[in-house]
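Participant: Okay, structure incoming, though there's no sequence with it:
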């Protein structure tokens, strides 16, 4: 009797261990049992969500959005094309919404929505600081309305934006949609570089791919200045980054060189230097205090250039 119980217990333990190993490593018989369960019981339906995404996980729908008539562009309208990776996308630690109703809009797919985080056109569903910047631009008295056109992909390297990259056609399509809506882009804001530092992109390669993207914009009628941020800092393996940051790196050198290269390229915000540890909620992405700093820095840049242009 004892021998039978011991044998049964040993068999149960062996089955438990085998099941755990099979599930963890996706080896027989776990995949086969999982497939059988789906055939018998069917796929579990996805939980309802207010959000909709495209195949590249870009946010393309949000049931909470307020559709409005797109504002007519005047010489007091800023049209901002926002490009880059997660720190240009909806990965911020604080959400914002328009303080001026339909004077600050999120342009997407030839339609306009009152701007509110998260913005349609970029990945993820957290916060962002572009709406805060738009509010500040109007409060400054230099603009009556601001059109935000975000196209930022979390984790994207610069090669994906260059000719031949998978995001280049999406960039072209976004530009055409804005143009078809009667908008002339006034500034292109680029916040990207963290991914390229991690994967070891050289300074020369980074510059080549970035200029390819700029060439794409110019070939499709975008004459606006392109502001390139100094952005290479994203720490911790949980974010796909390193434990420590080396300020003098290939990506920063490339970005600095590009900002002095002419071709309508100007220096953007240096988030590597501007943001303290507490300004990034997870050692990488921009939190509430960081959003205030970054939006103010962009305001100073854009307002300064605006004053120079109007004084000519």
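Facilitator: Here it is on my side, so go on. Model, not experiment: these values are computed from the prediction. Residues are numbered from 1 along each chain as shown.
Participant: can you give me the strands for this protein?
Facilitator: All strands of the chain, identified by DSSP state E, fall at 51-53, 59-62, 67-68, 77-84, 104-108, 111-114, 145-152, 187-191, 226-230, 265-270.
Participant: And these: which comes nearest residue 175?
Facilitator: strand 77-84 (7.3 Å; C-beta to C-beta). No exception for glycine: its C-beta is placed from N, CA and C like everyone else's.
Participant: my read: residue 100 touches residue 138, true?
Facilitator: Yes: assessed by C-beta atoms under 8 Å, residue 100 is found in contact with residue 138 at 5.4 Å.
Participant: which residues are common contacts for these two?
Facilitator: By C-beta atoms under 8 Å, 6 or more residues apart in numbering, residue 100 and residue 138 have these common neighbours: residue 145.
Participant: For residue 56, see how far away the residue sitting nearest the centre point of the chain is.
Facilitator: With distances taken as C-alpha atoms, centre = their mean, residue 89 lies nearest the centre of the chain, 2.5 Å away. In this view, residue 89 and residue 56 are 12 Å apart by C-beta to C-beta, to the nearest Å.
Participant: which residues do these two both contact?
Facilitator: In contact with both residue 89 and residue 56: 123, 153, using C-beta under 8 Å, 6+ apart.
Participant: Against residue 120, how distant is the residue nearest to residue 109 when sequence neighbours are not counted?
Facilitator: Leaving aside its sequence neighbours, residue 109 sits nearest to residue 177 (C-beta to C-beta, 6 or more residues apart in numbering; 6.5 Å). Between residue 177 and residue 120 the computed distance is 12 Å (C-beta to C-beta).
Participant: Looking at the two, which one has more neighbours?
Facilitator: Per other C-beta atoms under 10 Å, whichever of residue 177 and residue 120 has more neighbours is residue 120, with 24 against 17.
Participant: For the closest residue in space to that one that isn't next to it in sequence, give me the pLDDT.
Facilitator: Spatially, and ignoring its direct neighbours in sequence, residue 120 is nearest to residue 108 (4.0 Å; C-beta to C-beta, 6+ apart). In the predicted model, residue 108 carries a pLDDT score of 98.
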